[in-house]
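>>> quick one: sequence and predicted model below, then my questions.
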Amino acid sequence: MEYALLVAPSANRVYAQSAPDLTRAELAAFSAGALGGALGPVERREFGGRPYLVFATENPLTEAELGVLGNLSSGFALFELAGEGLLRPVLTPPMATFDDDLISIPKYSGKTNEHFTQLLLNVTALASAWGADFGTRTFTVLDPVAGRGTTLNQALMYGWDALGIEVDGKDLEAYEAFLKTWLRRKRIKHSAEVTPLRREGRRLGRRFDVQLPTTSQRLTLFEADTVNARLLMKRQSTDLIVADLPYGVVHGSRTGGKLQRGPLDLLETALPGWVELIRPGGALGLSWNTHVAPREHALELLADAGLTPIEPALGFEHRVDQAINRDIVLARR
Ligand SMILES: C[S@@+](CC[C@H](N)C(=O)[O-])C[C@H]1O[C@@H](n2cnc3c(N)ncnc32)[C@H](O)[C@@H]1O
């Protein structure tokens, strides 16, 4: 059976240019991680002047497999190719625990593109030992540089549990304000509170805890320096770590109270703590700006921290703007 995937027109024009190639790499990750290699090679083809990604399978995709593919970050619609360029739409119901404005409403400078965030979360989950359970398993996700919560919201959308660490108190406040308002407006039963975060009598920052009893989901965002991650939670608290590292351009990353430029400095300092938080079999997915550090260096750091890099995680490199060229590395504990 042949299928054609229509790639979503993205709001961000720069990202839209790379979207077909990124989606092709993401499809390969879904095929290898969740679909037992069911998808053959993916090729780019045009129908009616629009780019599609075309792939073949030996057997028609099952309902469950179509549901998994419904979570492709830039997939817009899937069709069976019925010969002579005829496209027959097929249903691909995504994991949508909530209305999608949970993801699309927040807009702020420094936000990670939501399609890219979903892509990074997807490929990290697929790189874990539980990739084949994508679509049925509830993952716990930690974003250790969480900003105003794009990863956390995507995890909630999937029905998963979310943990975040962010050093900037203003981001915690903005996220708290957004999420509480959104939950209230949607009439979703919840409890949410911000409390001081103390360790050994010392005040580290604050924490924002949310519980959603209807879907049994939990979320915590810690206001703290991510190099102290191990002080915040128990060993093996998370299945996945997903991080869009600071780019070292606009607002350099902070470690030990000093402003430092290189995101890999931050990574090097924080990684040993992060690794302890991942359950064996869990995975780590990072994106960073390759203008400030080469890919080999990032992979070396992961290997030095005792993780097994998942290679090749190729085809994800793309231009964000003049100063930022982004890439992804994946590793498993
Ligand atoms: C690229 S942004 C991530 C944006 C986030 N994905 C979003 O969409 O809101 C990187 C974040 O890392 C945070 N950060 C930098 N150094 C940190 C540190 N030492 N501990 C915790 N967070 C840090 C920055 O404040 C920034 O919010």
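Nice, thanks for sending it over. Numbers count the residues shown, from 1 in each chain.

>>> helix, strand or coil for the residue nearest the centre of the chain?
Centroid-nearest residue in the chain, with C-alpha atoms, centre = their mean: Leu121, separated by 2.6 Å. Secondary structure, DSSP: H, G, I helix; E, B strand; the rest coil: Leu121 is helix.

>>> right, and it touches Val141 too?
Yes - with contacts counted by C-beta atoms under 8 Å, Leu121 reaches Val141, the gap being 6.7 Å. Yep, even glycine has a C-beta here, placed from its N, CA and C like the rest.

>>> spit out the residues that contact these two alike.
Here Leu121 and Val141 have 151, 155, 240, 242 as joint contacts, going by C-beta atoms under 8 Å, 6 or more residues apart in numbering.

>>> now stretch 34-46: how far from the chain's centre is it?
Distance of stretch 34-46 from the chain centroid (C-alpha atoms, centre = their mean, to the nearest Å) equals 21 Å.

>>> quickly list the domain ranges of this protein.
What automatic domain parsing lists as the domains of the chain is 2-90, 101-332.

>>> now do the contacts for the residue of the chain found nearest the ligand.
Using C-beta to the nearest ligand atom, the single residue of the chain nearest to the ligand is Gly147, 2.3 Å away. The neighbourhood of Gly147, defined by C-beta under 8 Å, 6+ apart, consists of 110-112, 166, 168, 171, 244.

>>> could you pull out the helices for this protein?
Per DSSP state H, the chain carries helices over the ranges 13-34, 63-69, 101-104, 114-127, 150-157, 169-185, 229-232, 263-277, 295-304.

>>> touching, Thr124 and Asp239? I think so.
No - the pair Thr124 / Asp239 is not scored as a contact, 9.3 Å apart, by C-beta under 8 Å.

>>> buried residues, stretch 222-239. List them.
Residues of stretch 222-239 classed as buried: 222-230, 232-233, 237-239 (neighbour count, 16 or more other C-beta atoms under 10 Å).

>>> may I have that stretch exported as CSV, CA atoms only?
Only the C-alpha atoms of stretch 222-239 are listed here, as CSV (Å, rounded to 0.1, in the frame of the first residue of the first chain):
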residue,chain,number,x,y,z
PHE,A,222,10.6,24.0,39.6
GLU,A,223,12.2,27.4,39.6
ALA,A,224,15.8,26.5,40.1
ASP,A,225,19.2,26.2,38.4
THR,A,226,19.1,23.0,36.4
VAL,A,227,22.6,22.1,37.6
ASN,A,228,20.9,21.3,40.9
ALA,A,229,18.4,19.0,39.3
ARG,A,230,19.3,16.1,41.6
LEU,A,231,18.3,18.1,44.6
LEU,A,232,14.8,18.5,43.2
MET,A,233,13.7,15.0,42.6
LYS,A,234,14.5,11.4,43.3
ARG,A,235,16.7,9.2,41.2
GLN,A,236,15.0,7.7,38.2
SER,A,237,12.0,10.0,38.4
THR,A,238,11.5,10.4,34.6
ASP,A,239,11.3,8.3,31.5
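
>>> this completes my enquiry, with thanks.
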